[in-house]
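Novice: would you be able to build a 3D model of this:
(2 chains, ligands or ions: 2)
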Protein chains: 2
Amino acid sequence: GMGVEEDNSNSSNSIEEEIGKALEEAKELHEAAGSLMNKSATEEQSLRHRAQSLDSSLRRLRSLLPHLDPKLADKLEEDLHRARCLLTDGDAASFLPAKPHGRFLRMFLGPINVRASRKDIQLKVKEEYNSYRDRTALLFLLFPSTLLILRSWIWDGCLPAFPVQLYQAWLLLLYTGLALRENILRANGSDIRPWWIYHHYCALVMALVSLTWEIKGQPNCSQKQRGVQLFLQWAMMQGVAMLLQNRYQRQRLYTRIALGKAKRMDVVWGETAGVDGQLWVLCPILFILQGFEAYVGLLLLRTALDGVVSEWQVIFCGILLVLMAVGNFVNTVQTLMVKSRF
Amino acid sequence: GMGVEEDNSNSSNSIEEEIGKALEEAKELHEAAGSLMNKSATEEQSLRHRAQSLDSSLRRLRSLLPHLDPKLADKLEEDLHRARCLLTDGDAASFLPAKPHGRFLRMFLGPINVRASRKDIQLKVKEEYNSYRDRTALLFLLFPSTLLILRSWIWDGCLPAFPVQLYQAWLLLLYTGLALRENILRANGSDIRPWWIYHHYCALVMALVSLTWEIKGQPNCSQKQRGVQLFLQWAMMQGVAMLLQNRYQRQRLYTRIALGKAKRMDVVWGETAGVDGQLWVLCPILFILQGFEAYVGLLLLRTALDGVVSEWQVIFCGILLVLMAVGNFVNTVQTLMVKSRF
Ligand SMILES: CC(C)(COP(=O)(O)OP(=O)(O)OC[C@H]1O[C@@H](n2cnc3c(N)ncnc32)[C@H](O)[C@@H]1OP(=O)(O)O)[C@@H](O)C(=O)NCCC(=O)NCCS
Ligand SMILES: CC(C)(COP(=O)(O)OP(=O)(O)OC[C@H]1O[C@@H](n2cnc3c(N)ncnc32)[C@H](O)[C@@H]1OP(=O)(O)O)[C@@H](O)C(=O)NCCC(=O)NCCS
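Specialist: Ligands and ions are numbered 1, 2, ... in the order given. Next comes the predicted model:
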């Protein structure tokens, strides 16, 4: 008995000691963490001040350039441009004030910060966005084409409501995800045009509205379902365009990473020429698609005005499609114009 | 002429000089930012190591307690508890490995980090969540009650489709926001039970399904719309419960902040007694509501089985409501049991 008891109390002693040490370590760790956080906060604050004052002096200096001798101004402009690139694309960028998050992000996520402070994480977010788009583009192709094939082979020209509604719900999910992710990319410094985000808001609203759109059955199915059918055909074509667009945009990103340049800004002078060549293949396809988008919209409006289908959803989706097509066209053209300026 | 030219070249010189300085400053800032980030990364890494090893030794020590003399074990347990609180609620907490984000967050947001590193920001997120719930609870009360009042005063007992669908779309938006925000709170260390989040996923799916649910018009409107009507009544009651629940939860948060304690863990020994008293008012109301929820679910199932309304949506929503009611009840009871143990 004696030996065991002693052993027992020995081990209790050592456990007691260990727990005392652990408590001590917890206190030390708490303090170390607190002081590291305070120290970093102070140092970050000072960098933030410096970044902001440099930012405003760069702005001031740029506004003075037009008053100088053109030749000198050209040389100085290049210096200014280099300084700006260092500031906005370099490590100091995370100390510039963040763009305030848009209403969309604030509504869904509240006041959290979605900006990654490190460049490699920002790149990871961007790459994951691209692979998300790849996955969805494939489904964008498969889902509506399966529906259309089943429609003519098995369903006798008459789409049943449930699979179509499933597809519409999937669209809603998809567009919500895209809109959230693009807002996050923007907060992380992407130069994505606001329109491409608004475009996804519109698509989101359209998916929501189309869910309330009753899918009529027999008789006269193919006439009543003309709108849905056109919509599915357009979605299929969009899948093709998305795949091409993704390929192009991923290659651009890789070129930029390979050149060690985090942003387009640095790469305007022909370094991505190989990729930019692809643009001349991509854009005609995009324009055709945008034309088809407007055409589907107008057809929807016509079926509504002819009185074949008289629900408000048809008119609403028709108008929205036309607006989206026009906006896409205008913004694609503007992008091309900006690019051709270099 | 002479004087002006000299003046001009003087000012060009000084601008040139300033731009040179700005470029220099940009380089310095870039380097300073880079070295600060590297330094913090190293120091954070070491704190992360310490936190993780302390975490595992606390686990190991806790598992040894049952082998000790009960009286000693009690005292040591308190020490261990204090160490754990310091580690998980103190400044060191942000150096513990984050819970991996759930699938829901990853699907919508991608791989971004939503954990706030500072305690005050975490509190702000929580407070904003509470005020979001307040705003929605009010609408939860107003929206369905307006629909029901208009139905009997103006619409002759027959709800038109559009406002009901608008309400359902709003529900979808609301539940998506709640689910996202609760996932974010969880990533920030909240101990919210997973069920309350699943509950919002179910509600989200139900709102989606109800959007595809055709709202039948005359004749026999009130019979065909029985399901929708019950659903609205239940939503109204839920608004009341939400308001009460918010009041209770905000007071608990304030008590904890006033006590300087970021987490419930510290406050189990009766310090929030005043607030916990409210629980005995709140819970009966919650139970009544959960009963009503199950009742609405069963009524929906009966209308479907009676053949009055035969759409799949009715059966689906019925089953979902019953499941939600049972889950809510079980989890409320479990919460009360955990609380009464202290
Ligand atoms: C025309 C187009 C190919 C140009 O792409 P681009 O060369 O990358 O354009 P920019 O250089 O202006 O890109 C600026 C930023 O916006 C992003 N971006 C451009 N178009 C985008 C789009 N449609 N969706 C999401 N992001 C887009 C780019 O990735 C880049 O991001 P970064 O700053 O993080 O690197 C592209 O805008 C496009 O595909 N538009 C048409 C889309 C369309 O019409 N779709 C529907 C067809 S019906
Ligand atoms: C029973 C109830 C009042 C207990 O609330 P509580 O005392 O805060 O519960 P706990 O102490 O277990 O809370 C743990 C955490 O979960 C959160 N939480 C608890 N219930 C929650 C709920 N229903 N929704 C969101 N968060 C909840 C708390 O805010 C707390 O967060 P924190 O760790 O960030 O501080 C609450 O769970 C509740 O209202 N449940 C019923 C909900 C219901 O049935 N609604 C539908 C009616 S039909």
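
Novice: any regions of chain A where pLDDT drops low?
Specialist: Residue ranges of chain A with pLDDT under 70: A:1-10, A:217-219, A:259-277, A:308-310, A:341-342.

Novice: quick one: the helices in it?
Specialist: A:2-64, A:70-89, A:103-109, A:119-153, A:161-187, A:194-211, A:221-224, A:226-258, A:273-306, A:312-340 (DSSP state H).

Novice: out of those, nearest to ligand 2?
Specialist: helix A:103-109 (16.0 Å; CB to the nearest ligand atom). Glycine gets a C-beta too; all of them are placed from N, C-alpha and C.

Novice: that closest one close to chain B?
Specialist: Yes: Helix A:103-109 lies within reach of chain B by CB under 8 Å from any CB of the partner chain, at A:Met107, A:Phe108, A:Leu109.

Novice: which residues touch the closest residue to ligand 1 within the stretch 101-250 of chain A?
Specialist: Using CB to the nearest ligand atom, the single residue of the stretch 101-250 of chain A nearest to ligand 1 is A:Ser190, 3.0 Å away. Neighbouring residues of A:Ser190 by CB atoms under 8 Å, 6 or more residues apart in numbering or on different chains: A:Lys126, A:Glu182.

Novice: again, but for A:Leu139
Specialist: A:Trp170, A:Gly239.

Novice: A:Thr332 is in contact with A:Pro284, isn't it?
Specialist: No: using CB atoms under 8 Å, A:Thr332 is not in contact with A:Pro284, being 10.7 Å away.

Novice: these two: which has the busier surroundings?
Specialist: Neighbours per residue (other CB atoms under 10 Å in any protein chain shown) separate A:Thr332 from A:Pro284, with A:Thr332 holding more: 18 against 9.

Novice: now do the contacts for that one.
Specialist: A:Cys283, A:Leu286, A:Phe287, A:Gln290.

Novice: how about 7 Å then?
Specialist: By CB atoms under 7 Å, 6 or more residues apart in numbering or on different chains, the residues touching A:Thr332 are A:Cys283, A:Leu286.

Novice: and the gap between it and A:Gln290?
Specialist: 7 Å (CB to CB, to the nearest Å).

Novice: neighbours of A:Lys126, how many?
Specialist: 21.

Novice: before we move on, what about A:Asn220?
Specialist: For A:Asn220, the count of nearby residues is 11 (other CB under 10 Å).

Novice: ok, now how distant is it from B:Asn183?
Specialist: 46 Å.

Novice: again, but for A:Pro66
Specialist: 51 Å.

Novice: so which of these two has more stuff around it?
Specialist: B:Asn183 (24 against 8).

Novice: my guess is that one contacts B:Arg103, does it?
Specialist: No: B:Asn183 is beyond contact range of B:Arg103, at 9.6 Å (criterion: CB atoms under 7 Å).

Novice: residue numbers of chain A in contact with ligand 1?
Specialist: Counting by CB under 6 Å from any ligand atom, chain A comes close to ligand 1 at A:182, A:185, A:190-192, A:196, A:238, A:241, A:245, A:249, A:264, A:282, A:286, A:289-290, A:293, A:328, A:332, A:335.

Novice: now which of the residues you listed would you call buried?
Specialist: When the residues of chain A next to ligand 1 are checked for burial by 16 or more other CB atoms under 10 Å in any protein chain shown, the buried set is A:182, A:185, A:190, A:196, A:238, A:241, A:245, A:249, A:282, A:286, A:289-290, A:293, A:328, A:332.

Novice: just name the closest of the residues you listed to chain B, please.
Specialist: A:Leu185 (9.0 Å; CB to the nearest CB).

Novice: the closest residue to A:Leu171 other than its chain neighbours and A:Leu172, how far apart?
Specialist: In this structure, A:Leu171 finds its nearest non-sequential neighbour in A:Ala207, 4.0 Å apart by CB to CB, 6 or more residues apart in numbering or on different chains. A:Ala207 sits at a distance of 4 Å from A:Leu172 (criterion: CB to CB).

Novice: got the contact list for the residue most central in space within chain A?
Specialist: With distances taken as CA atoms, centre = their mean, A:Glu182 lies nearest the centre of chain A, 2.2 Å away. Residues in contact with A:Glu182 (CB under 7 Å, 6+ apart) are A:Ile192, A:Trp196, A:Ile197, A:His200.

Novice: could you do A:Leu68 as well?
Specialist: Applying CB under 7 Å, 6+ apart, one finds that A:Leu68 lies in contact with B:Ser12, B:Ile15.

Novice: quick one, phi/psi of it?
Specialist: phi -100, psi 170 (degrees, to the nearest 10).

Novice: same deal with A:Gly90?
Specialist: Dihedral angles for A:Gly90 - degrees, to the nearest 10 - are phi -90, psi -170.

Novice: same deal with A:Gly110?
Specialist: phi 80, psi -160.

Novice: one step back: is it possible to get JSON lines of the helices of chain A that adds distance to B:Arg48?
Specialist: Formatted as JSON lines, the helices of chain A follow (distance: least, CB to CB, whole Å):
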{"stretch": "helix A:2-64", "distance to B:Arg48": "10"}
{"stretch": "helix A:70-89", "distance to B:Arg48": "29"}
{"stretch": "helix A:103-109", "distance to B:Arg48": "26"}
{"stretch": "helix A:119-153", "distance to B:Arg48": "16"}
{"stretch": "helix A:161-187", "distance to B:Arg48": "25"}
{"stretch": "helix A:194-211", "distance to B:Arg48": "36"}
{"stretch": "helix A:221-224", "distance to B:Arg48": "62"}
{"stretch": "helix A:226-258", "distance to B:Arg48": "28"}
{"stretch": "helix A:273-306", "distance to B:Arg48": "39"}
{"stretch": "helix A:312-340", "distance to B:Arg48": "43"}
